[in-house]
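Chemist: dropping the sequence and predicted coords here.
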Amino acid sequence: MSELHKFIFDGLPVRGQLVRLTDAWQDLLRRRAANTQTGAYAPPVAELLGEMAAAAVLMQGNIKFDGALVMQIAGDGPVKMAVAEAQFDLRLRATASVAGAVAPGARLADLVNARGKGRCAITLDARNRQRGQPPYQGVVPLVDESGAPIDSLAGVIEHYMRQSEQLDTTLVLAADEQVAAGLLVQRLPVQGQANLSQSSVARDEDRGGAPAIEDDYRRIAILARSLRRQELLGLDADTVLRRLFWQDRLLRLPPLAGSQGPRFACSCSRERMAAMLKALGRQEAESILDEQGRIEVGCDFCGQQEQFDAVDVARLFTPAARQPPQTGVVQ
């Protein structure tokens, strides 16, 4: 079962989360493989998308945003666009658009940043956003401050958090065909942190105040980065946290799982697909009908396919007041 674990380091302004996507991730991959138009993802693409899904859940769980958090990576490699979306209640979905061959073992630079033009965008789309009000979006290139390519998704998101949120963040991500997982630790501002006990504050003042807290975060970050890929994918959350932070006291919330935890879900519907078709315009829709006899619209996230024939298209572009009553409807 997919799980999200939240914890805070007692006496320190450092919080963390660990996510393990199992059934949610396998469901997503299974739907993609069953899509006869696309087929399964190549392993490097699946790994990137799994890391994105895990990262999106971690970031959503971190900010408790009332809406959708959408992570997008676009570039000039064979992966033209990869998207992972985590809703406020941890429903998630993800997809990637691939054009061209993907070499075995391809890394982030090979997939989306072949000529240094890749970008990562994080969009926060509030549920109560007013009409005409744009969602918040932050964009960073897939290069660091010196212009050197960043070779991992975790590095890109750490860079994003430093640039947009001014928060020191350490992130470890991994994915295979069974599990997509991630560990996040983040340093918080000292002011107002309820987890700082009086004894810990006095202890840090004796050790030099802010420099001591900096040393503590640096130590925790080093421990987090020591987590190996096979450990993150293969060990349960309790074992990972106990092995890494055995000398710290973690204050842990109950894990979020099942209907309260990360799970695959798609918001597509025939009505939304019809709206997308309507946005194409009547001339374009009728042109497709003349050529193919029907219009097939598919969801890239879940693989659902809907067909629209000439009657459907005519009804779509006919004002409601002029449409004949549907059969079987009691007036």
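Modeler: On my side now, so go ahead. Numbering: from 1, shown residues only.

Chemist: C-alpha from now on. contacts and neighbour counts both.
Modeler: Will do.

Chemist: F317 contacts L280, doesn't it?
Modeler: No. Between F317 and L280 there is no contact under Cα atoms under 8 Å: 11.1 Å.

Chemist: in what helix or strand does I288 lie?
Modeler: helix 282-292 (DSSP states H and E).

Chemist: packing partners of that helix?
Modeler: With contacts taken as 3 or more Cα pairs under 8 Å, 6 or more residues apart in numbering; DSSP states H and E, helix 282-292 sits against strand 295-298, helix 310-316.

Chemist: buried sites along it?
Modeler: Across helix 282-292, burial judged by 16 or more other Cα atoms under 10 Å covers A285, E286, L289.

Chemist: spatially central residue in the protein, please.
Modeler: When Cα atoms, centre = their mean is applied to the chain, the residue found nearest the centroid is A56 (2.7 Å).

Chemist: could you look up the SS state of that residue?
Modeler: helix (DSSP: H, G, I helix; E, B strand; the rest coil).

Chemist: got a list of contacts for the helix holding I288?
Modeler: L277, K278, R294, I295, D309, A310, V313, F317 (Cα atoms under 8 Å, 6 or more residues apart in numbering).

Chemist: again, only this time at 10 Å
Modeler: 277-279, 293-296, 308-310, 313-314, 316-317 (Cα atoms under 10 Å, 6 or more residues apart in numbering).

Chemist: got it, and stretch 161-168?
Modeler: 14, 138-140, 145, 155, 157-160, 169-170, 185-189, 217-218, 221.

Chemist: and it, how far out from the chain middle?
Modeler: Here the centre of stretch 161-168 is set off from its chain's centre by 18 Å, with Cα atoms, centre = their mean, to the nearest Å.

Chemist: what about it, average pLDDT?
Modeler: For stretch 161-168, the mean pLDDT works out to 82.

Chemist: repeat that for stretch 68-85.
Modeler: pLDDT averaged over stretch 68-85 gives 91.
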